[in-house]
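Asks: starting from these lines, generate the structure:
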Amino acid sequence: MLMNEEETVDYDKMSIIGDEAYQVLCISRKKERQRERLDEILANTVISNEDYYLIKQGSRKRILTEYKFKFIKEAIKQHYTYQEIGQSIRISGNAVKDIINRYMNIDDKSY
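Replies: Numbering: from 1, shown residues only. Model (predicted):
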């Protein structure tokens, strides 16, 4: 008796609970954050080519600290890690953190 009745619902085409959420999850993983390369960030931060190359070579001149700090802040805003930032300018990740702690104004919590 039940076998003779026609199906009114096509179960193959029904969506399953969680299908939409899974699709959104897959799409969001495919998206990559578009961020500037670290060299581009540094070039936008530093005024002269000479200072740029000094920073890239790991120079410890005090006059470059302001540029390094600006570079680090911008790189952090673009979701780079301390380690990635440090490798770019030949210092350690801990040195990056020290620069932030030493040169950040108490009122400036924008990074």
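Asks: and the residue sitting nearest the centre point of the chain, what element?
Replies: In the chain, the centroid-proximal residue (C-alpha atoms, centre = their mean) is H79; its distance is 2.3 Å. Taking DSSP states H and E as the definition, H79 sits outside all helices and strands.
Asks: quickly note the distance from it to K68.
Replies: With distances taken as C-beta to C-beta, to the nearest Å, H79 is found 19 Å from K68. In this view, the C-beta of every residue, glycine as well, is placed from N, C-alpha and C.
Asks: ok, R62 next?
Replies: In this view, R62 and K68 are 10 Å apart by C-beta to C-beta.
Asks: repeat that for A95.
Replies: In this view, A95 and K68 are 9 Å apart by C-beta to C-beta.
Asks: the two - which one has more neighbours?
Replies: More neighbours surround K68 than the other of A95 and K68, with 23 against 18 (other C-beta atoms under 10 Å).
Asks: which residues touch that one?
Replies: Contact analysis of K68 by C-beta atoms under 8 Å, 6 or more residues apart in numbering lists I55, I89, I99.
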